[in-house]
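Engineer: When you get a sec, could you give me coordinates for this:
(chains A and B)
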Amino acid sequence: MPQKATSQKSKQVSPKVASQSIKTAPLKAVKPAVKKKDDENATDMGDVADEWMQGKTLLKPPDQLQLSEAELKEELTRVLTANNPHAPQNIVRYSFKERCYKPISNVDQLAIHFSLDGNMLHKDSDEARRQKARTSIAEEYVADSTAVDGSEDGRKENLGPDEEKESEDKGSRGKKEQKLTNQFNFSERASQTHNNPLREKASQTEPPPRANFSATTNQWEIYDYYIVELQKQERTKEKQKAPPVKKEDEKSKKKQSTTESQSDDITKVSPKVVQILERMVNQNRFDDIAQDFKYFEDASDEFREQEGTLLPLWKFQYEKAKKLAVTALCWSQVYKDLFAVGHGSYDFTKQGHGMLLFYSLKNSTYPEFIFKTDSGIMCLDIHVGHPHLVAVGFYDGSVAVYNMKEMGSQPIHKSTAMTGKHTDPVWQVKWQKDDMDNHPNFFSVSSDGRVTSWTLVKNELMYMDVIKLSVDGVALEGQGDDQLPTMACGTSFDFHKQIDYLYIVGTAEGKIHKCSKAYSSQFLETYNAHNMAVDAVRWNHFHPKVFISCSADWTVKIWDQTINTPMFTFDLNAPVGDVAWAPYSSTVFAAVTTDGKVHVFDLNVNKYKAICEQLVVAKKKNKLTHVEFNPVHPIIIVGDDRGYVTCLKVSPNLRKMPKEKKGQDVPKGPEVEVAKMEKILSLLREPTSAVKK
Amino acid sequence: MFLEETLKRIQSHKGVLGTIVVNAEGIPIRTTLDNSTTVQYAGLLHQLTIKARSTVRDIDPQNDLTFLRIRSKKHEIMVAPDKEYLLIVIQNPSE
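Structural biologist: Sure thing, here's the model as predicted:
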């Protein structure tokens, strides 16, 4: 409207150019656009405008820009663009590439005047489909329920077919429309049903019994478990193999074992553990002795030129064997600290029971094994290969074999009158090498003049007389009835260390016979050794020709088997009970006498005198009966007739090795020992007195 | 039987102050000392033995502890473990 007014003004006041041109100048651009309208309304508004215009004087606003006529005539072009006047033209953005602010060339010119979000959905979009699905379900339901009504209504109303259709259509449309909420006439109604009252019902049961379990796992616990599993598997395997009878035994055994394990039975402690403890206690108590045994070397031996001493170590005694004399001693070759002691009596009138005891150096207060026997033991020997087998000879002439593995007090084998036991005391037994069938066998010598060989075949002890000793020197096999064969009494024997079949036997007449297993009727050699019974004969450990003998006639004699007369004779001023070679030297031997002294000789050092003569037992009442060297340790055990066994350490002087010449290697081994002995013997030997075998 | 005799012998040894036999749970079942001392010894040594045995076996599972000796100023305690039991002897070794 205001535009029309100004255009009218411009037409009417065209003659008044000066004043009007100012107003018309800005409006010239608009002119062509509004011309059409002016033409239309010109006739209508002409009269009115004239009247209106004449009445009005020209008003100039006071702040209007004062321009000159030239300036007023100036034509200014004004461009109409579609640019958004509000859009900024100088937007600058930071460019990371060029590290500076750069103006953006294209600025968004869109100006939104009005926006309204519609609620139309594309019919193929997800939301539309969902809606469709919802409405279709509802439709079906409604259709089902209202279809009947609709059809009924149609019939009821009795409308024409068209009208019916229409009504049906309307009805159907109405059904569809009913689902859509009517914007104008829709009210939502809700109703709430009565909520069922909630009641809490709880029941409590007894909690299941709980037990705390905790355990640790270690490498060794896992290992233990594996071992147990392995054993179980093995047992099941054995069960499968074993016959049913055995199975029953196992079951019964199992039952017993389970009942035992439940009780706190103290007897189930393994005896080994108790043994260890006892040994520990003993070690503590006899600590100084144990240290001496192991480490003490008598330093004063350096000052004593040739003499040595015997250091007393342990003293072994068993109260029940106190009345019995030690009649036999034997070291075990396998267990170097174990030795056997046989108790009996040498007294002919006082014969009672005997005892077989095994002591270990680790426990000097109590024997490891105890066997009680009916008759006194006279001799014993431990098998070298089977250290659990012990052969024992009794005063009553029988021999027995004990198995140390079995704790029973009975021997596994015993000879009886039927099975060839001797009729007189058995003075010596010695194990031999297993025979060809691997049966252990041993020899025994007795006062009845027989040397018998016993073999353990399966469960029996079989005997065989090897030789019969006779006084004349030749064994008689069976002469006429008028002549009674006079038998000699064998008192000791020893087998050659290297030559298996060779052995020597000492008799009560004082003779020594050299015999061979191969010849059962003849001696190889006879030596007139002593004036009284030969108590012990021993081969030298190293030199194959030398043996030693001792007797109650106070002498100890060393022999070369090829020579009829002794090489050495030593007079010890008292009946000699036993003599033994040292296992470490061919020239050292020890002898014990009834006056309680131990004499140690070393022929290499002194050929005439003992290098040690020591009273070992406290009182002279004790007669020493036996002596034995330990195979490994430098100790000897000495038994006496009171039932004591004393252990003594041999001082260094008694264990002398040949002195080494500086610069030369010392040859070691048995050859040296043999050479040593040979040297000594060669000094004594007369070349003409050699006796041929 | 064997155990009884041996324990008697050990107890009669010179210098032995007491012997205790403890079962697998650490409860003493036989003792020659008074109750409080016994319980103390049993409990403490039981734990120590377990630890010692564990140490030995951890290093080599095929190995096992044979015995344990604790020497103190006044006396020596010797412990010998068994599968289910523990034997303890207290001795005065200097006598």
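Engineer: CA atoms for contacts and neighbours, from now on please.
Structural biologist: Fine.
Engineer: Pull the contacting residues for the residue of the stretch 551-693 of chain A found nearest chain B.
Structural biologist: Chain B sits closest to A:Tyr644 of the stretch 551-693 of chain A, with a gap of 19.3 Å, by CA to the nearest CA. A:Tyr644 sits next to A:315-318, A:322, A:325-326 when contact means CA atoms under 8 Å, 6 or more residues apart in numbering or on different chains.
Engineer: Can you pick out the most distant pair from these?
Structural biologist: Largest separation among these by CA to CA: A:Lys315 and A:Ala325, giving 14.7 Å.
Engineer: that older thread, how about TSV for the contacts of A:Tyr644, with pLDDT, secondary structure and neighbour count added?
Structural biologist: Formatted as TSV, the contacts of A:Tyr644 follow (pLDDT from 0 to 100; DSSP: H, G, I helix; E, B strand; the rest coil; neighbours: other CA atoms under 10 Å in any protein chain shown):
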residue	pLDDT	secondary structure	neighbour count
A:Lys315	87	strand	16
A:Phe316	88	strand	21
A:Gln317	85	coil	19
A:Tyr318	87	coil	17
A:Lys322	81	coil	14
A:Ala325	87	strand	30
A:Val326	88	strand	32
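Engineer: Which one of those residues is nearest to chain B?
Structural biologist: Nearest member of the contacts of A:Tyr644 to chain B, counting by CA to the nearest CA, is A:Tyr318, at 12.7 Å.
Engineer: what about the residue lying closest to A:Val92 once chain neighbours are set aside, distance to A:Phe442?
Structural biologist: Excluding the flanking residues, the one nearest A:Val92 by CA to CA, 6 or more residues apart in numbering or on different chains is A:Pro103, at 4.1 Å. Using CA to CA, to the nearest Å, we find A:Pro103 at a distance of 125 Å from A:Phe442.
Engineer: Pick out whichever of the two has more residues nearby.
Structural biologist: Legend: neighbour count by other CA atoms under 10 Å in any protein chain shown for A:Pro103 and A:Phe442, higher for A:Phe442 (21 against 14).
Engineer: Now the phi/psi pair for the closest residue to chain B within the stretch 251-400 of chain A, please.
Structural biologist: Chain B sits closest to A:Asn284 of the stretch 251-400 of chain A, with a gap of 5.2 Å, by CA to the nearest CA. Taking degrees, to the nearest 10, you get phi -60, psi -40 for the backbone angles of A:Asn284.
Engineer: in which helix or strand would I find the residue lying closest to it once chain neighbours are set aside?
Structural biologist: Of all residues not flanking A:Asn284 in the chain, B:Pro93 sits nearest, at 5.2 Å (CA to CA, 6+ apart). Using DSSP states H and E, B:Pro93 falls within no helix or strand.
Engineer: Likewise for B:Val56?
Structural biologist: Taking DSSP H and E as the definition, one finds B:Val56 inside helix B:35-59.
Engineer: For that helix, name the packing helices and strands.
Structural biologist: Here helix B:35-59 touches helix A:219-241, strand B:16-22, strand B:28-31, strand B:76-81, going by 3 or more CA pairs under 8 Å, 6 or more residues apart in numbering or on different chains; DSSP states H and E.
Engineer: what's the angle from it to helix A:219-241?
Structural biologist: Relative orientation of helix B:35-59 versus helix A:219-241 (axes from the mean of the first three to the mean of the last three CA atoms, to 10 degrees): 80 degrees.
Engineer: thinking in terms of the whole chain, how far from its middle is helix B:35-59?
Structural biologist: 9 Å (CA atoms, centre = their mean, to the nearest Å).
Engineer: Could you point out the helix or strand that follows it?
Structural biologist: Using DSSP H and E, the helix or strand that follows helix B:35-59 in sequence is strand B:68-71.
Engineer: one step back: confirm for me that the residue nearest to A:Val92 is in contact with A:Asn90.
Structural biologist: Yes. If you go by CA atoms under 8 Å, A:Pro103 and A:Asn90 touch, sitting 6.5 Å apart.
Engineer: rewinding a little: which of the helices and strands packed on helix B:35-59 sits most buried?
Structural biologist: Mean neighbour count (mean count of other CA atoms under 10 Å in any protein chain shown) peaks for strand B:76-81 among the helices and strands packed on helix B:35-59, with a mean of 24.
Engineer: Tabulate the CA atom coordinates of that strand in CSV.
Structural biologist: Below are the C-alpha coordinates for strand B:76-81, written out as CSV (Å, rounded to 0.1, in the frame of the first residue of the first chain):
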residue,chain,number,x,y,z
GLU,B,76,69.8,-81.1,72.3
ILE,B,77,66.4,-81.9,70.9
MET,B,78,66.3,-84.8,68.4
VAL,B,79,63.3,-85.4,66.2
ALA,B,80,62.7,-88.5,64.2
PRO,B,81,59.7,-88.2,61.9
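Engineer: after that strand comes which helix or strand?
Structural biologist: With DSSP H and E setting the assignment, the helix or strand that follows strand B:76-81 is strand B:86-91.
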